[in-house]
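A.B. asks: Sharing a model prediction with you, sequence too.
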Amino acid sequence: MYTAAVITISTKGSKGERVDTSGPNLLKLLKNDGYDVIYTSIIPDDKELIKSELLKAVGYKANLILTTGGTGFSKTDVTPEATLEIIEKEVRGIPEAMRFITYKITDKSILSRGVSGIRDDSLIINLPGSKKAAEENFLAVKDTIGHGLEMMLTDGSHDITG
């Protein structure tokens, strides 16, 4: 079983001005997939705070860290920039696949600036902020994530087939 964390980035949500539905929905999806969710938070769109929360989740040894929110074009959307500043290895295929697969649902998927990468033993994936988009993006890659986590947490994949 892998551990997971969900960090919701929403200024209005963190102030109680809007009810966040994407974070709780991701928690449900992760638990249904057998993840042990060990950390959750909801924070405002602030680059330094996002970096701090990501590092906190890494410190808690969350194998998978999902962020939701802050990946759009708004001046306050800085989740990808914060993520890029703390990761050690970028994993470009995950957000590329999410955008490609979800483009079949909505052409607006290409407007997401989400990134993905590895820090220590944590895989960090940025998801859009809406419940629907976050779920669609996670479902687009969830079956492959387990293999990636296995490779990350061992000496690599010894059983590559297909």
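C.D. replies: Nice, thanks for sending it over.
A.B. asks: Determine the set of other helices and strands touching the helix or strand hosting residue 151.
C.D. replies: Assigned by DSSP states H and E, residue 151 belongs to helix 131-153. If contacts are counted by 3 or more CB pairs under 8 Å, 6 or more residues apart in numbering; DSSP states H and E, helix 131-153 sits against helix 22-32, strand 64-68, helix 93-102, strand 122-127. Quick note: C-beta positions are derived from backbone N, CA and C, even for glycine.
A.B. asks: Averaged pLDDT, the second one. What do you get?
C.D. replies: Confidence for strand 64-68, expressed as mean pLDDT, is 98.
A.B. asks: Just the residues contacting it, thanks.
C.D. replies: Contact partners of strand 64-68, identified using CB atoms under 8 Å, 6 or more residues apart in numbering, comprise 2-9, 22-23, 26, 30, 35, 50, 54, 57-58, 79, 83, 122-129, 134, 138, 145, 149.
A.B. asks: Contacts for the helix-or-strand element of the chain with minimal mean pLDDT, please.
C.D. replies: Ranked by mean pLDDT, DSSP states H and E, the weakest helix or strand in the chain is helix 11-14, scoring a mean of 94. Here helix 11-14 makes contact (CB under 8 Å, 6+ apart) with 8, 18, 19, 20, 42, 43, 44, 45, 69, 76.
A.B. asks: try 6 Å this time
C.D. replies: 18, 20, 42, 43, 44, 45 (CB atoms under 6 Å, 6 or more residues apart in numbering).
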